[in-house]
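Visitor: predicted coordinates and the sequence they were generated for:
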Amino acid sequence: MESYTLERAVDWIHGARYQGQKNGLENTRALLKELGNPQESLKMVHVAGTNGKGSVCSMIERVLRECGYKTGLYTSPYLCEYAERVRIDGVPMEDEALLAVILRVKDAAEMLVERGICPTAFELGTAIAFLAFKEAGVDYAVIEVGIGGRLDSTNVITPCACAIAAIGIDHTKTLGNTIEEIASEKAGIIKPGIPVAIHPANGRVMHVFENAAAERGAHLDRVEMPEILSENARGAAFCFRGEEYSIGLPGRYQIENAALAIATLKLLGITDQKALHAGIEKAKWHCRLEWVKGVLIDGAHNPQGAQMLAEFLEKHVSGKRTLVVGMMHDKDISECVPHFSRVADRVIATQIDDPRAANAQELAEMFANAEAVPNVKAAIETALADDSTVIVCGSLYLAGEARAILCPGERLSL
């Protein structure tokens, strides 16, 4: 067999981003069939949404772990290393084990290519996760939707329960231009007879989910807004359905995400209050309002995320603020800039090394008073030299690179 390193194997996956051809769910089904349909032996939770779905996944996974279950967690994108996408008991897979799974998927994919079926990078990643979770013998796998829901590669599964996080405007070229169209795509994960919990902020499109659930005979839990008891820059306490909880993830939206996670766990039949409390309090989700060596890193990359970041800063971070901002050119930059601007005393525009990255100088020109420092490391060093609170935002890819600069070599376990 040709010698392969993990780095080379990951490069092969990324190469499919430009060569693979999306064909509904057929590619994923064909690939999984070649692998013996590993997803069919797994108990899963499926989570869709525009904002917060990763956080909801991490909370659900952590509570399940607190219950004593062995867990798998599939999320995207990764921040520092590919293995973050496939976690076992909250830990990114070890290199040797991950490589072995990738090579098995590679062999299956190459057989499909010979038949004219070319899986995409995300389809490959989904198959890698399902195979890894089966071989690890996890009790529950928590699966985050990539984009949308109806035609997302993860939507080949029959989960035990579903959750739909907050819906906003994003990926309009793929999902539609209106909030209703986007909600309809997200509702595509609702399966016949499978219970689903809906985020409390989705009231304006609740009818979309209600209609989908009614058509498919699925019980729908309309999660209500929790009562906030206290809140600061590092976490909060809240009351939900008669129980008081503490959460270590900052941001008001995380309280709402926690309520959705709790409701989803109850749909699974999880009633251990000790585990629920401990899991919600211990849950981590990197680069979402995360304080790293005094720097606040947030992956806000769409108007809803930018607005939530701005509101958090206005409420909890006083004094001078310096924003290091980098975005992808295919995002709604013009709608994000006003939110970033209103909370920034100084803006440093930067860009990661990626073809999708917005040009730092062009990004700087969208702000009233910003400077361009294209190199991310130099941009962060420039910001830290100032006597202010430094906030890195605008892209999860930027967030991951910034975190690696601040904490080189750290593996992001949950």
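Guide: Everything's here; your move.

Visitor: what strands line up against the one helix or strand Val392 maps to, and which way round?
Guide: Take DSSP states H and E as the rule and Val392 turns out to sit in strand 389-393. Within its sheet, strand 389-393 is paired with strand 295-297 (parallel), strand 321-325 (parallel), according to DSSP bridges.

Visitor: was I right about Ser153 contacting Thr28?
Guide: Yes. Ser153 is within contact range of Thr28, at 4.5 Å (criterion: C-beta atoms under 8 Å). Every C-beta, even on glycine, is put in place using the N, C-alpha and C of the backbone.

Visitor: if you compare the strands paired with strand 389-393, which one is most tucked away?
Guide: strand 321-325 (a mean of 25; mean count of other C-beta atoms under 10 Å).

Visitor: list of residues touching that strand?
Guide: 313, 340, 343-350, 363, 367, 370, 376, 379-380, 383, 386, 388-394, 398, 402 (C-beta atoms under 8 Å, 6 or more residues apart in numbering).

Visitor: filter those down to the buried ones, PyMOL style.
Guide: Typed into PyMOL, the line below selects the buried ones among those, using 16 or more other C-beta atoms under 10 Å:
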select buried, resi 313+340+343+344+346+347+348+349+350+363+367+370+376+379+380+383+388+389+390+391+392+393+394+398+402
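
Visitor: which residues of the stretch 201-350 of the chain fall in helices?
Guide: 206-216, 252-267, 273-282, 303-316, 333-342 (DSSP state H, counting those that start in this stretch).

Visitor: how about the strands in the stretch 1-150 of the chain?
Guide: Taking DSSP state E, counting those that start in this stretch, the strands of the stretch 1-150 of the chain run over residues 44-48, 71-74, 86-88, 91-92, 140-144.

Visitor: just send these back as TSV, with distance to Ile198, mean pLDDT and mean neighbour count too.
Guide: Shown next, in TSV, are these (distance: least, C-beta to C-beta, whole Å; pLDDT from 0 to 100; neighbours: other C-beta atoms under 10 Å):
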stretch	distance to Ile198	mean pLDDT	mean neighbour count
strand 44-48	10	98	28
strand 71-74	21	98	27
strand 86-88	26	98	24
strand 91-92	30	98	18
strand 140-144	16	98	26
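
Visitor: geometric centre of the chain: which residue is closest?
Guide: Central residue of the chain (C-alpha atoms, centre = their mean): Gly54, 3.4 Å from the mean position.

Visitor: that one reaches Glu144, doesn't it?
Guide: Yes. At 5.8 Å, Gly54 and Glu144 qualify as touching, with contact defined as C-beta under 8 Å.

Visitor: state the mean pLDDT of stretch 257-275.
Guide: Across stretch 257-275, the average pLDDT comes to 98.

Visitor: tell me how far the ends of it are from each other?
Guide: Taking C-alpha to C-alpha, to the nearest Å as the measure, stretch 257-275 stretches 17 Å from start to finish.

Visitor: contact partners of it?
Guide: Counting by C-beta under 8 Å, 6+ apart, 45, 47, 52, 55-56, 59-60, 63-64, 66-67, 140, 160-163, 165-166, 195-200, 219, 221, 223-226, 238, 240-241, 243, 245, 247, 249, 276, 280, 283 sit against stretch 257-275.

Visitor: and with 7 Å instead?
Guide: 45, 52, 55-56, 59-60, 63, 66-67, 160-161, 163, 165, 195, 197, 199-200, 221, 223, 226, 240, 243, 245, 247, 276, 280 (C-beta atoms under 7 Å, 6 or more residues apart in numbering).

Visitor: which parts of that stretch are buried?
Guide: Buried-residue list, stretch 257-275, by 16+ other C-beta under 10 Å: 257-268, 270, 275.

Visitor: is it possible to get JSON lines of these that adds distance to Gly125?
Guide: Supplementary listing: these in JSON lines, determined by distance: C-beta to C-beta, whole Å:
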{"residue": "Asn257", "distance to Gly125": "23"}
{"residue": "Ala258", "distance to Gly125": "27"}
{"residue": "Ala259", "distance to Gly125": "29"}
{"residue": "Leu260", "distance to Gly125": "24"}
{"residue": "Ala261", "distance to Gly125": "23"}
{"residue": "Ile262", "distance to Gly125": "28"}
{"residue": "Ala263", "distance to Gly125": "28"}
{"residue": "Thr264", "distance to Gly125": "23"}
{"residue": "Leu265", "distance to Gly125": "25"}
{"residue": "Lys266", "distance to Gly125": "30"}
{"residue": "Leu267", "distance to Gly125": "26"}
{"residue": "Leu268", "distance to Gly125": "25"}
{"residue": "Ile270", "distance to Gly125": "27"}
{"residue": "Ala275", "distance to Gly125": "29"}
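
Visitor: would you tell me which of the helices of the stretch 201-350 of the chain gets closest to Glu410?
Guide: Among those, the nearest to Glu410 by C-beta to C-beta is helix 273-282 (18.2 Å).

Visitor: just want the angle from the closest one to helix 252-267.
Guide: Orientation check (axes from the mean of the first three to the mean of the last three C-alpha atoms, to 10 degrees): helix 273-282 against helix 252-267 gives 150 degrees.

Visitor: quick one: helix 273-282 to chain centroid distance?
Guide: On the basis of C-alpha atoms, centre = their mean, to the nearest Å, helix 273-282 sits 21 Å off its chain's mean C-alpha point.

Visitor: state the distance from Gly299 to Arg321.
Guide: Per C-beta to C-beta, to the nearest Å, Gly299 is found 17 Å from Arg321.

Visitor: returning to what we had before: what are the contacting residues of the strand holding Val392?
Guide: 295-298, 300, 309, 313, 317, 319-325, 340, 380, 383-384, 398-399, 402.

Visitor: just stretch 63-80 next, same as before
Guide: Counting by C-beta under 7 Å, 6+ apart, 54, 57, 61, 84-90, 125, 129, 133, 136-144, 146, 265, 270, 272, 275-276, 278-280, 286-287, 396, 399-400, 403-404, 412 sit against stretch 63-80.

Visitor: report the buried residues of it.
Guide: 63-67, 69, 71-80.

Visitor: repeat for stretch 146-163
Guide: Buried residues in stretch 146-163 (16+ other C-beta under 10 Å): 146-157, 159-163.

Visitor: residues contacting that stretch, please?
Guide: 24-25, 28-29, 32, 39, 43-48, 56, 76, 122-123, 126, 143, 145, 171, 174-175, 185-191, 194-197, 260, 264, 267-268.
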